[in-house]
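In: Need a 3D model of the following:
(2 chains)
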There are 2 protein chains.
Amino acid sequence: MSSPAAQQPSPQLFFQTVNSYQRTEALKAAIELRVFTAIGEGNETASDIAKRCDTSERGMRILCDFLCTIGFLNKDNQHYSLTVDSAVFLDGNSPAYLGGALEFLLSPELTYGFKNVAESVRKGGTVMPDEGTVTPENPIWVKFARAMAPMMAMPAQLIVKLVDEKADRKLKILDIAAGHGLYGIAFAKNNPQAEVTAVDWPNVLEVAKENAAAAGVSDRHSTIPGSAFDVDYGTGYDLVLLTNFLHHFDPPTNEKLLRKVHDALAEGGRAVTLEFVPNEDRISPPEAAGFSMMMLGSTPNGDAYTFAELEQMAANAGFARSELHPLPPTIEQVVISYK
Amino acid sequence: MSSPAAQQPSPQLFFQTVNSYQRTEALKAAIELRVFTAIGEGNETASDIAKRCDTSERGMRILCDFLCTIGFLNKDNQHYSLTVDSAVFLDGNSPAYLGGALEFLLSPELTYGFKNVAESVRKGGTVMPDEGTVTPENPIWVKFARAMAPMMAMPAQLIVKLVDEKADRKLKILDIAAGHGLYGIAFAKNNPQAEVTAVDWPNVLEVAKENAAAAGVSDRHSTIPGSAFDVDYGTGYDLVLLTNFLHHFDPPTNEKLLRKVHDALAEGGRAVTLEFVPNEDRISPPEAAGFSMMMLGSTPNGDAYTFAELEQMAANAGFARSELHPLPPTIEQVVISYK
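Out: Residues are numbered from 1 along each chain as shown, chains lettered A, B, ... in the order given. Next up is the predicted model:
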């Protein structure tokens, strides 16, 4: 229901959006100061949280109030408490803690791409040097592999459940642009007959190898160092994982890659693509659609592709058909393409 | 109504907030490229808007889609259109255009204060040099006076209507930290018997004088250059305007100023304070409460004060009573304190 007052023009959204960089900075400060961890430990007042985090009380009161206004804390009679999401993802004592992701998401290398969005719009791509984040052997992907790994536990589990729930068959898996390697590793952990080959830049594969060792699956985890566009994959794979990879490139480049993937699959094999997939209107759901801006700022030609576009790329590469699967509660979706 | 799914922990708000600096940058780009103006002129497709703004079509499509996801544009079948708010406030051909406010709101001098919020929280105040934005004669206030003037037209009209609707009496007005001078000037324009004296730094008063001349009220507009804490106001004022000023200082400093204001008022005179006034919980409404972070980042001791706090400061300074008046559709409120 909209009231007549809601129709009166207001500059409120303008102000809120102009100042929204302060939301980023306040959340970053709260994570750096371990505010959520302090509250999780039982510190509830600005005074107690400030003592625990070694800050001024005044500064902590203003920060905690601000975190309430943007949805990260609750406040009741001067006592702050964690929201459900903050307790799970931002308390440093939670196994699902995601605060470390800032090391990648707010790295100077990545945020540089958004310092001049007007110029990116003029140009139609990143203003970063070379090819932005997709420059060969860009060290940002080592940072990504280390910082973003904790974000991947949940989607990795969900994909395994979607694609290999029974875990009762031998599976030869190719994990393309594996990064931290956690998607392939999740299959190996779930299915003792799964064997994973991970492709990525050599410096990034070191992180994947560490993670495979930590998961106790090194004996079923091998690597192919180099560009996914150049290296020889081998053949006979049951699954090829393409997690958060296609969005970095334009459709012709993706089709070329998908043809190579198609060739590497055994008959009846599946390509499993994890992506931010907006609806056909490209503006909903807002979180997935908004990922397109991330690609404009950080790559020459990347995008958040609709299912119709991903389906077409797969069809052009020889796949028989593709299916779209939501992956709640994540904002990403899985496209399964059948050889 | 909350569904069970809403209770499932989600990292969505975390992601959205970490990346919210991109909202600031995208809106800035759209204003720089005059995207809203181009759409207001009748360009509706990404291709046409890109041509008008001299950008790539791909970059413009991604920018416009992003502006849809954050509420600044509508999209229907590849055709973009302005929202009510964007048409009024962001189309360069609208008389209420506010885009120029970015010159202040996103000035390096101001955003500098939010580059290390953790340190501000530790310290309890700005990390800017000297006293931040309240350093004497800080040239940022000239920028403010020029860039923010268009934002003030609506609140100035609303205050005049609240305080001097009949405009049938002689009014001697003191406009403290006048800046652009538009609040005092609005009274002078509305009431031919109003005489305004504006106080501010000499460099800022040049802007107020220009605006008084442009409004044709120079003969009833005089100035007192210097710090509002130091200069001699004179006496016998019917109204003293304190618009967006008290939030820069701590309560003892404000009480000192309010005592000086009290002394300058005639019997029955009123101090008219425009402020971001959060409720007693300090977290609602979010826009007014969130202004506290602006003060933490940019001043040593400023804050968004509750009505109880403002009322107490006025009472301690000798005022008989204070009233709170909302000023919709703005997010600020007016406190009228009676001598």
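In: Against chain B, how distant is the nearest residue in space to A:Pro129 that is not next to it in sequence?
Out: Among residues not flanking A:Pro129 along the chain, A:Thr135 sits closest, at 7.5 Å (Cβ to Cβ, 6 or more residues apart in numbering or on different chains). C-beta: built from backbone N, CA, C; applies to glycine. When distance is defined by Cβ to the nearest Cβ, to the nearest Å, A:Thr135 is 20 Å away from chain B.
In: do A:Leu106 as well
Out: 7 Å.
In: ok, now A:Trp141?
Out: 19 Å.
In: Secondary structure class of that residue, three-state.
Out: helix (DSSP: H, G, I helix; E, B strand; the rest coil).
In: Now tell me which helix or strand of chain A has the poorest mean pLDDT.
Out: Every helix and strand in chain A was compared by mean pLDDT, DSSP states H and E; the lowest is helix A:140-147, with a mean of 89.
In: after that one comes which helix or strand?
Out: helix A:149-163 (DSSP states H and E).
In: And the helices in the stretch 201-339 of chain A, which stretches?
Out: A:202-214, A:251-264, A:286-298, A:307-316 (DSSP state H, counting those that start in this stretch).
In: Please identify which of those helices is closest to B:Ala87.
Out: helix A:286-298 (21.2 Å; Cβ to Cβ).
In: And the residue of the stretch 101-250 of chain A closest to chain B?
Out: Of all residues in the stretch 101-250 of chain A, A:Gly124 sits closest to chain B, at 3.1 Å by Cβ to the nearest Cβ.
In: Please state the backbone phi and psi of that residue?
Out: phi 90, psi 20 (degrees, to the nearest 10).
In: Verify the contact between it and B:Leu63 for me.
Out: No: A:Gly124 is beyond contact range of B:Leu63, at 10.4 Å (criterion: Cβ atoms under 8 Å).
In: Distance from the helix or strand containing A:Asp85 to the middle of the chain?
Out: If you go by DSSP H and E, A:Asp85 is part of helix A:84-89. The chain centroid and the centroid of helix A:84-89 are separated by 18 Å under Cα atoms, centre = their mean, to the nearest Å.
In: A:Pro136: neighbour count?
Out: 11 (other Cβ atoms under 10 Å in any protein chain shown).
In: helix/strand/coil for it?
Out: Under three-state DSSP, A:Pro136 comes out as coil.
In: How about it, nearest residue that isn't a chain neighbour?
Out: A:Ser227 (6.4 Å).
In: buried ones in the helix holding A:Asp85?
Out: The neighbour-count check on helix A:84-89 (16 or more other Cβ atoms under 10 Å in any protein chain shown) flags A:85-89 as buried.
In: Ok, stretch A:233-248 next?
Out: A:233, A:237-248.
In: how about the strands of chain A, start to end?
Out: A:73-76, A:79-82, A:171-176, A:194-200, A:221-225, A:237-243, A:265-275, A:321-326, A:333-338 (DSSP state E).
In: So for B:Met293, which of these sits nearest?
Out: That would be strand A:73-76 among those, by Cβ to Cβ, at 13.5 Å.
In: now check the closest one, is it near chain B?
Out: Yes: counting by Cβ under 8 Å from any Cβ of the partner chain, chain B has neighbours in strand A:73-76: A:Lys75.
In: what lines up beside that strand in the sheet?
Out: strand A:79-82 (antiparallel) (DSSP bridges).
In: just how off-centre is the strand it pairs with within its chain?
Out: 28 Å.
In: quick one: average pLDDT of it?
Out: In this model, strand A:79-82 has an average pLDDT of 98.
In: again, but for stretch A:214-229
Out: 97.
In: List the buried residues of it.
Out: For stretch A:214-229, using 16+ other Cβ under 10 Å, the buried residues are A:217, A:220-221, A:223-224, A:226, A:228.
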